[in-house]
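Chemist: predicted model and sequence follow; I will ask about them next.
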Amino acid sequence: MGATPAKDKPTISGAEVAKHNSRESCWIIVHGYVYDVTDFLDEHPGGSKIILKYAGKDATAEYDPIHPPDAITTNLPPEKHLGPVDPETVQKVDVTVTDVEKARLERFAARPPLSEILNLHDFEAIARQVMQEKAWAYYSSAADDEITLRENHAAYHRIWFRPRILRDVTNVDFSTAILGNKTSMPIYITATALGKLGHPDGELNLTRAAAKHDVIQMIPTLASCSFDEIVDNAKPGQVQFLQLYVNKDRAITKRLVQHAEERGIKGLFITVDAPQLGRREKDMRMKFDAEDPAEVSKNDKQSEVDRSQGAARAISSFIDPGLNWNDLAWFKSITKMPLILKGVQCWEDALEAYDQGMAGVVLSNHGGRQLEFARSGIEVLVEVVEKLGEKRGLMFPNEKFQLFVDGGVRRATDVLKAVALGATAVGIGRPFLYAFSSYGQEGVEHALTILKAEFEMNMRLLGARTLQEVTRELVDASNIHQHTVAVPEDRLFYHNYESMAHARLRESKAKL
């Protein structure tokens, strides 16, 4: 939906492109088109070194995993779109496999068969060992000290079950409907950016696996694959939602929203918790490590350029920090899709969303990647259900105003706790990224198979035959707001958690 490449301009030879291979004149090729990025070198959030590496050459292979397809056409002014390149004349980039990459590929070849992956934690354990470091850093990182990231998971441990016995649980049914759309489980694949960092097929792994298991995929604004490519890969009748970052240019947002509706998208999830990106320090360290120190010192603008967000900043600078409640009427005027606010973090805002006619809210802190010490979605759920019941007489789950939760979910028991507390469904993000980063589409399918088996077993053990029977009486959430309650440590989760690092000295001679 962004600007299109300069197809009407004359074809440029690879030899001509190759002349522009310096800081003074830097051209690169992406998807068969030539761009002049000279003026962008010092502003590139990932640093100038990576662009200069491909100066005068084809940068598509490096560009694709960390940018949506239209990032370059959207962010560079039209006069910098120079025209198509003659593919027969393009200088080939020599790919050198480093010792680090050789070791990673050996680890990848040593992955256990899927039959030995027993839970979602296992995918994370394998992904951590077989993913490229920059990809792992981007997917796994969270805000500041990553306390919120860990709390998102730990919060579920403060909720305990009160199972019922002697009920006929021969048959259990955990199918449900989300915004009126049937799904096999009370989960959806929530939006996560830059899928090609983990696998060449990116988000298409999720689309195809979701089709096989009859679950709903939420398409991210910042996908590595284009929106139309993801929709085109869905099977007929497959339900998809769209997560929306609102552009400062409302005409661009309007085009995207109305195009999504024309393509059959069944729900618009407007992200409201990211007026500015949080500090994700694992990712930040990866960007600095990737930059050559000499190149940094030569850059007079170094102090002015915020590289802290790496690829994320490069693709998200369009997000409007001025988005406010008054804009919701405009959204209702441009689409008939159900509107859901994604990133609500207190009952007062959930109430306002209800009063303004939204179809629901996602209670979420952006996977712990935004405001550090924002409470978990599951904790906020408890107060939202209580207060909206008190203020508006609402009972949950509620078809007219649906509550969703995401962040920290690793087991079907986590989902069942949320459903018991009033959620319609729960979004799962990182575990599916780790699944396809380590095993591709088959990994995502296996992850969904694991969840289905967990749902079936745990509903039987709870004494619930349908999700309608997974009610508030089946859980004890009395400690949900107490952040110092001792619970048994989740050894699998913390085994996978990679502790944050301090700043390090540059390589130097050892101290005497």
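Modeler: It's in. Please read all numbers here as calculations on a predicted model, not as lab measurements. Numbering: from 1, shown residues only.
Chemist: strands of the stretch 51-200 of the chain, start to end?
Modeler: Residue ranges of the strands in the stretch 51-200 of the chain, as given by DSSP state E, counting those that start in this stretch, are 81-84, 160-161, 176-178, 181-183, 187-189.
Chemist: highest average neighbour count across those strands?
Modeler: strand 187-189 (a mean of 29; mean count of other C-beta atoms under 10 Å). To be clear about C-beta, it is placed using only N, CA and C from the backbone, and glycine gets the same treatment.
Chemist: coming back round to it: by mean pLDDT, show me the worst of the strands of the stretch 51-200 of the chain.
Modeler: Mean pLDDT is lowest for strand 81-84 among the strands of the stretch 51-200 of the chain, at a mean of 93.
Chemist: can you tell me the strand partners of that strand and which way each runs?
Modeler: Taking DSSP bridges as the criterion, strand 81-84 sits next to strand 33-36 (antiparallel) in its sheet.
Chemist: what comes into contact with the partner strand?
Modeler: Outside strand 33-36, the residues within contact range by C-beta atoms under 8 Å, 6 or more residues apart in numbering are 5-6, 12, 17, 20, 25-29, 72, 76, 80-85.
Chemist: and these, which of them are in helices?
Modeler: 17, 72 (DSSP state H).
Chemist: how about the nearest residue to residue 406, chain neighbours excluded?
Modeler: Nearest residue to residue 406, sequence neighbours excluded (C-beta to C-beta, 6 or more residues apart in numbering): residue 427, at 3.3 Å.
Chemist: can you classify that neighbour by secondary structure?
Modeler: Using DSSP: H, G, I helix; E, B strand; the rest coil, the three-state assignment for residue 427 comes out as strand.
Chemist: residue 363 versus that one, what's the distance?
Modeler: 10 Å (C-beta to C-beta, to the nearest Å).
Chemist: who has more neighbours out of these two?
Modeler: residue 363 (31 against 27; other C-beta atoms under 10 Å).
Chemist: do I have it right that the more buried one meets residue 353?
Modeler: No: between residue 363 and residue 353 there is no contact, the gap being 10.7 Å when judged by C-beta atoms under 8 Å.
Chemist: what do those two both touch?
Modeler: Between them, residue 363 and residue 353 share these contacting residues under C-beta under 8 Å, 6+ apart: residue 344.
Chemist: next up, the contacts around residue 460.
Modeler: For residue 460, the residues meeting the contact criterion (C-beta under 8 Å, 6+ apart) are 169, 172.
Chemist: should've said residue 227
Modeler: When contacts are counted by C-beta under 8 Å, 6+ apart, residue 227 touches 1, 219, 242, 256, 259-260, 263.
Chemist: one more: residue 371?
Modeler: By C-beta under 8 Å, 6+ apart, the contact list for residue 371 reads 143, 148, 273, 278, 345, 365.
Chemist: which SSE is residue 501 in?
Modeler: Counting by DSSP states H and E, residue 501 is held by no secondary-structure element, helix or strand.
Chemist: wait, it sits on residue 285?
Modeler: Yes: applying C-beta under 8 Å as the test, residue 501 and residue 285 come out as touching, 6.3 Å apart.
Chemist: the more surrounded of those two?
Modeler: For residue 501 and residue 285, the more surrounded residue by other C-beta under 10 Å is residue 285, and the numbers stand at 19 against 9.
Chemist: secondary structure element for that one?
Modeler: In this assignment (DSSP H and E), residue 285 forms part of helix 281-290.
Chemist: in the stretch 251-400 of the chain, which ranges drop under the pLDDT threshold?
Modeler: Applying pLDDT under 70 to the predicted model, the residue ranges of the stretch 251-400 of the chain that meet it are 287-315.
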